[in-house]
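Novice: The following block contains a protein sequence and its predicted model.
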Amino acid sequence: MSLSPAERSSADVLIDLALREDLDEAGDITSAATIPAEKLATAAFVVRRPGTIAGLPVAEAVCKRVDPRLRFEAEADDGHRVERGTTIAIVAGPLRSILAAERTALNFLQRLSGVATLTRQYVDAIAGLPVKLLDTRKTTPGWRLLEKYAVRCGGGTNHRIGLFDAFLIKDNHIAGLGDPSTAVLRSVELARAFPTASGRPIEVEVDSLDQLEQVLPANPEIVLLDNMVNDLLREAVGIRNRLQAATLLEASGGVNLATIRGIAETGVDRISVGAITHSATALDIALDLLD
């Protein structure tokens, strides 16, 4: 996989911030004091436990930003599963520069590979079923585009990027409209009439089957079924099918690796999981000096 132009631009901003906080104006004073300027070396990025890789283009950009003389060669591709002990990239050049880039490059690789690895576990848990795993906006501030890229590396699907590119009418929006007997339907009408609505999907969150039946005649592209138990999810699918609505049904809330298979088996079309970004553990990756 490769970064989109927007994702690469986001990475550039984050790399600048990360290197500034790590090197400041003085740079790597330890390496400057102990390593001869002319010393050349080669080092390997090595995975310490199995996982799915994401972030190699970002790690390369870090190395090049520290020192354009550094040569970075990927030995794997983003999105690939790797075993413990796998070398995923080689970097060569001035040792001082390798050491200056090491931690920042690893921070990006470990975080993004952690998201991809956890996403892949969820995708594997629903393998063979006609349902998509989606991420959410529960991302690290500033890292959203890169974390969503990592989700794709893990086999997941991106939900909306932010508040600007799709309508998601939630419980607080509906509560703000007043009369609960008409608010759900009214919210869709208002979104559809919004000046920039064209081309933007409309999704509505409901927490009861009554709300679902109220909103389906308005034909929103998606209905989010919030925190419903599996029996209710099955009923919701049955209602949608009986009404022959084209609306996709998305389950959310209470989803984890132990529950996602059962949720997927109810017949919903999508399952959104905040945990794949907000609770991912960094994948253990190290930089080993080879010579």
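Specialist: Yep, that arrived. What you see is a predicted model, and the numbers here were worked out from it, not measured in a lab. Numbering: from 1, shown residues only.
Novice: Mean pLDDT per element in this protein, and the minimum belongs to which helix or strand?
Specialist: Within the chain, confidence by mean pLDDT, DSSP states H and E is lowest for helix 180-192 among all helices and strands, at a mean of 88.
Novice: which parts of that one are buried?
Specialist: 183-188, 190-191 (16 or more other Cβ atoms under 10 Å). Quick note: C-beta positions are derived from backbone N, CA and C, even for glycine.
Novice: Stretch 204-214 too?
Specialist: For stretch 204-214, a neighbour-count test (16+ other Cβ under 10 Å) marks 204-207, 211-214 as buried.
Novice: can you check stretch 49-68 too?
Specialist: For stretch 49-68, the neighbour count (16+ other Cβ under 10 Å) marks 51-63, 65-66 as buried.
Novice: from the residues you listed, which two are the most distant?
Specialist: T52 and V66 (26.1 Å; Cβ to Cβ).
Novice: The closest residue to T30 other than its chain neighbours: what secondary structure?
Specialist: Sequence neighbours aside, L99 is the residue nearest to T30 in space, at 8.0 Å (criterion: Cβ to Cβ, 6 or more residues apart in numbering). Secondary structure, DSSP: H, G, I helix; E, B strand; the rest coil: L99 is helix.
Novice: what are the ranges of the helices in the stretch 101-250 of the chain?
Specialist: For the stretch 101-250 of the chain, the helices defined by DSSP state H, counting those that start in this stretch occupy 144-153, 171-176, 180-192, 209-215, 230-242.
Novice: now the ones you listed in CSV, with distance to L133?
Specialist: Below are the helices of the stretch 101-250 of the chain laid out as CSV (distance: least, Cβ to Cβ, whole Å):
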stretch, distance to L133
helix 144-153, 8
helix 171-176, 23
helix 180-192, 25
helix 209-215, 22
helix 230-242, 16
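Novice: Run through the bridge partners of the nearest residue to S252 once chain neighbours are set aside.
Specialist: Distances taken as Cβ to Cβ, 6+ apart place S272 nearest to S252, at 4.5 Å, with adjacent residues excluded. Counting by DSSP bridges, S272 forms beta bridges with L134, S252.
Novice: OK, contacts around S272?
Specialist: S272 sits next to 134-136, 159, 224, 250-252, 255 when contact means Cβ atoms under 8 Å, 6 or more residues apart in numbering.
Novice: can you tell me which of the helices of the stretch 101-250 of the chain comes nearest to G85?
Specialist: Nearest of those (Cβ to Cβ): helix 144-153, 20.4 Å.
Novice: Which strands and helices lie in contact with the closest one?
Specialist: In terms of contacts (3 or more Cβ pairs under 8 Å, 6 or more residues apart in numbering; DSSP states H and E), helix 144-153 is packed against helix 5-23, helix 95-125, helix 275-278.
Novice: I'd like to know how many residues surround T87.
Specialist: For T87, the number of neighbouring residues by other Cβ atoms under 10 Å comes to 14.
Novice: doesn't F45 make contact with it?
Specialist: Yes - T87 is within contact range of F45, at 6.8 Å (criterion: Cβ atoms under 8 Å).
Novice: so what's the backbone phi/psi at L283?
Specialist: Backbone torsions for L283, taken as degrees, to the nearest 10, come to phi -80, psi 130.
Novice: 57 is where my numbering starts, stick with that
Specialist: Let's use 57 as the start, then, which means that last one is L339.
Novice: Against T173, how distant is it?
Specialist: Going from L339 to T173 by Cβ to Cβ, to the nearest Å gives 5 Å.
Novice: For these two, list the residues in contact with both.
Specialist: If you check L339 and T173 against Cβ under 8 Å, 6+ apart, the residues they both contact are G107.
Novice: still on that earlier bit, can you tell me which of the helices and strands packed on helix 200-209 is most buried?
Specialist: Of the helices and strands packed on helix 200-209, the one with the most neighbours on average (mean count of other Cβ atoms under 10 Å) is helix 151-181, at a mean of 23.
Novice: Please work out the average pLDDT along that one.
Specialist: Helix 151-181 carries an average pLDDT of 98.
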